[in-house]
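1. Here is my input, please return the structure:
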Amino acid sequence: MDQIDHVAHRMTLAALTGLIVGASLATYRGSNTLKTAISTSKSFALCGTACFGTERIAYNALKLPLKPDREDLHYYDVHEQKNRLFLSHALGGSVGGMICGGLFQGRLMAGLALFTPLMLGIAYSEIALSEYREKRLQEMADEGRTDCK
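-> Numbers count the residues shown, from 1 in each chain. The predicted structure follows:
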């Protein structure tokens, strides 16, 4: 269920971004704002679902059941998770991009070329945000605060 929530949150963000981009585009062109915003939002939601859905499938498929016999398993787990996140986003961008490119333009490679770097940027942002959050929680714990969760 957590994986579905993950995809749903990102798809919702993609749809909201589509609304904003569509409204901006319609205002710039002088066309029907509501129609353009909703159409763009649907397209962004479809692309978000294709990319983030395949990313979650790849992320779960890349989980390895075997752990190496190392003393520093925390170091391994953190780097394994980062590598898995980057690889799953690259696969999600590639497969989802080909789906979107095939549906919207009939050219698979155009979608792949657009969405793979975009998804890698999202993976980098997710990792940076997670590291910042962990660092900030540690700082709050070091200050003696007990109200942080």
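2. Please report how far Gly97 lies from Leu118.
-> 8 Å (C-beta to C-beta, to the nearest Å). Every residue, glycine included, has its C-beta placed from N, CA and C.
3. more neighbours, these two?
-> Gly97 (26 against 16; other C-beta atoms under 10 Å).
4. For the host helix or strand of the more buried one, name the packing helices and strands.
-> Per DSSP states H and E: Gly97 is located in helix 73-104. In terms of contacts (3 or more C-beta pairs under 8 Å, 6 or more residues apart in numbering; DSSP states H and E), helix 73-104 is packed against helix 33-61, helix 108-142.
5. Show me what counts as buried in the last one.
-> What it means is helix 108-142. Neighbour-count burial for helix 108-142 flags 110-116, 118-120, 122-123, 127 (criterion: 16 or more other C-beta atoms under 10 Å).
6. now do stretch 34-53
-> Quick answer for stretch 34-53 (16+ other C-beta under 10 Å): 36-38, 40-41, 43-53.
7. Gly111 and Gly144: what is the separation?
-> For Gly111 relative to Gly144 (C-beta to C-beta), the value is 51 Å.
8. likewise Ser39?
-> Noted for Ser39: a distance of 53 Å to Gly144, by C-beta to C-beta.
9. excluding its backbone neighbours, what's nearest the most centrally placed residue in the chain?
-> For the chain, Ile122 is the residue whose C-alpha lies nearest the centre (C-alpha atoms, centre = their mean; 5.2 Å). Closest residue to Ile122 apart from its sequence neighbours, by C-beta to C-beta, 6 or more residues apart in numbering: His89 at 6.2 Å.
10. OK, contacts around that neighbour?
-> By C-beta atoms under 8 Å, 6 or more residues apart in numbering, the contact set of His89 is Glu55, Met119, Leu120, Ile122, Ala123.
11. buried stuff in the helix or strand where Thr12 lies?
-> Here Thr12 sits within helix 2-29, counting by DSSP H and E. For helix 2-29, a neighbour-count test (16+ other C-beta under 10 Å) marks Val7, Arg10, Met11, Ala14, Ala15, Gly18, Leu19, Val21, Gly22, Ala23, Ala26 as buried.
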